[in-house]
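**Q** Fold the following for me, if possible:
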Amino acid sequence: MTGETHRPQRAHTWVTPKIFADVADPQPGVAAFFEHYAGWFARVDEVVVTFCAGNGDHVLAYPGAGHETTRFDWGRYNSYVGTNVSTRDHNGHWLRVAREDRVIAGNPYHAGPAFVLSEQPMDYAVLRAIYRAFRDEARGRGIPLVLLEYLEPGSEFCACVWKTERHPEAASGWVDAGGNIAPGLLDVAAVLDADTETYASYPDGIPPGEPVERFAARQIAAFVADFGLDGITLGNQFGLIGIWHPEHAVESTPERRASVTRFFTRLRELLDAAAGATAAGARIYWQDSFWPVELEQDVWGMTDEAYAALSGIVVSNFAVLAREENIEASARSKIALRERLGGGLEVVYSLDFVDPWYWYRVYLDSPHFWHRQRAVYGELSGMLDGVMFFANDTFGHFVMPDPLGTTLALLPRRAADARADPDADASRP
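**A** Numbers count the residues shown, from 1 in each chain. Presented below is the predicted three-dimensional model:
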């Protein structure tokens, strides 16, 4: 391990409603979550839970207080196929490729067949009770908890009525959802048509020509404030169109770069001004593009001002999409960015175990990649601010003990413990 050894460490866990046997009774599942990861949480200075109800369409469409019983779809699927492909066709393709031809690399093998895991309904009252259960359990265990919701630009994990039906003009491009093309990628540089729906930040509806960046920032801030959250996690390079692959990027014009900057800086201003922000300030975490900073800026139009509005960056290393040669380069570029911006930006390294929306298990299906992820982490951990991982698989089960334990042994001790013994080897568990 090289670099600094005593940076405060955070465990960033992304959790979905699949962990609950009954979404209307979340306490048993929340208690099991904290118990299962107690060994990890005891080694960090702070636990950050991003609750991923779905794609975040419920944030954009949030009608505000007084609409607690309004229902929305959630990430209750394995390999959600969207509206352009039938479940039958996806499963037929999976059978031919993954089973008959035994192609066990990439999709559709990693995505798995398309099926629904739950028919339980979700509404804002249920969601509020879930948030409360996480708060209560963490408080009872004396765990410093940061609680966030998840919003991503696409429609990958469940139905997204706002993005694909109500306001398709706000969408640009597409996303690969388990090998299927899913439309509805939110474009912060677009403008909205008028509608008369009720929104938390637009109770009389959206006026014509409203910039998407302003609407999205206002809705996020209203949602975070109403539910008493500490901020938001923005997934899948939110704000940058043509995700994951530079060749898919749209032209990075001055106008697009300005819209990207306005979204992130406006969101920062609104969240920090809102009641209920934590003492450390409202949190905005951003999942990167899988590529180094230089490409994010030159190809996609990310700016220093936008980066500076963030609390931290999740360095994406997920096996289905990441290129092995990019893992270290991308992480080091974010570390260099942190120093260029003054040192306050958290650099959070993602580690694969399982996926909450697809059925692959990295340590079984891509073992070489699994080991490479951890080798790079071992080299850079002293310069990182923590680790992000998916806490549950597509079936709602937590990471199995063996892969969890081997990874836990790599973690540096929390900063408070390291400061108590300055001569200690911070790489030891």
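**Q** From now on I want contacts and neighbour counts done on CA atoms only, so please keep to that.
**A** Noted.
**Q** tell me what the longest helix along the chain is packed against?
**A** Secondary structure assigned by DSSP state H gives helix 254-273 as the longest helix of the chain. Where contact means 3 or more C-alpha pairs under 8 Å, 6 or more residues apart in numbering; DSSP states H and E, helix 254-273 is packed against helix 212-226, helix 304-308.
**Q** for the first one, packing partners?
**A** With contacts defined as 3+ C-alpha pairs under 8 Å, 6+ apart, helix 212-226 has these neighbours: helix 57-60, strand 231-234, helix 254-273.
**Q** what's the most buried one of the ones you listed?
**A** strand 231-234 (a mean of 26; mean count of other C-alpha atoms under 10 Å).
**Q** Note down every partner strand of it and its orientation.
**A** Here strand 231-234 is paired, per DSSP bridges, with strand 145-151 (parallel), strand 283-287 (parallel).
**Q** Residues contacting the last one, please?
**A** Looking back up the chat, that one is strand 283-287. Defining contact as C-alpha atoms under 8 Å, 6 or more residues apart in numbering, one finds that strand 283-287 is touched by 230-238, 268, 309-316.
**Q** for this protein, which spans come out with low pLDDT?
**A** Along the chain, segments meeting pLDDT under 70 span 1-5, 173-183, 275-280, 413-429.
**Q** Swap in 80 and give it another go.
**A** For the chain, applying pLDDT under 80 flags the ranges 1-6, 83-84, 104-109, 172-184, 275-281, 319-323, 412-429.
**Q** contacting residues around the residue most central in space within it?
**A** By C-alpha atoms, centre = their mean, the chain has its centre lying nearest to Gly235, at 4.1 Å. Neighbouring residues of Gly235 by C-alpha under 8 Å, 6+ apart: 150-153, 286-288.
**Q** Kindly recompute the last result at 7 Å.
**A** Each residue near Gly235 by C-alpha atoms under 7 Å, 6 or more residues apart in numbering is listed here: 150-152, 286-287.
**Q** Redo those as CSV? Include distance to Glu210 and neighbour count.
**A** What follows is these, written out as CSV (distance: C-alpha to C-alpha, whole Å; neighbours: other C-alpha atoms under 10 Å):
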residue, distance to Glu210, neighbour count
Tyr150, 23, 26
Leu151, 20, 25
Glu152, 20, 22
Trp286, 24, 26
Gln287, 26, 19
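**Q** quick one: which of those residues is nearest to Asn84?
**A** Glu152 (19.5 Å; C-alpha to C-alpha).
**Q** Which stretches in the stretch 301-429 of the chain count as strands?
**A** Along the stretch 301-429 of the chain, counting by DSSP state E, counting those that start in this stretch, strands occupy 312-315, 346-350, 386-390.
**Q** Which one, of those, ends up nearest to Tyr363?
**A** strand 386-390 (13.4 Å).
**Q** Give me the buried positions along that closest one.
**A** Under the neighbour-count criterion of 16 or more other C-alpha atoms under 10 Å, strand 386-390 has 386-390 buried.
**Q** How far away from the center of its chain is it?
**A** Here strand 386-390 is found 10 Å from its chain centre; the criterion is C-alpha atoms, centre = their mean, to the nearest Å.
**Q** Just want the angle from it to strand 346-350.
**A** 40 degrees (axes from the mean of the first three to the mean of the last three C-alpha atoms, to 10 degrees).
**Q** Use 38 as the first number for this chain going forward.
**A** That works, and once the first residue is 38, the last one we named lands at strand 423-427.
**Q** Strand 423-427 packs against which elements?
**A** strand 47-52, strand 383-387 (3 or more C-alpha pairs under 7 Å, 6 or more residues apart in numbering; DSSP states H and E).
**Q** Which neighbours in the sheet does the shortest one have, and how are they oriented?
**A** Right, the one you point to is strand 383-387. Here, using DSSP bridges, strand 383-387 pairs with strand 349-352 (parallel), strand 423-427 (parallel).
**Q** From the chain's centroid, how far away is the first one?
**A** Okay, so that is strand 349-352. 10 Å.
**Q** Next, the residues that contact it from outside, please.
**A** Residues contacting strand 349-352 (C-alpha under 7 Å, 6+ apart): 321-325, 327, 368, 382-387.
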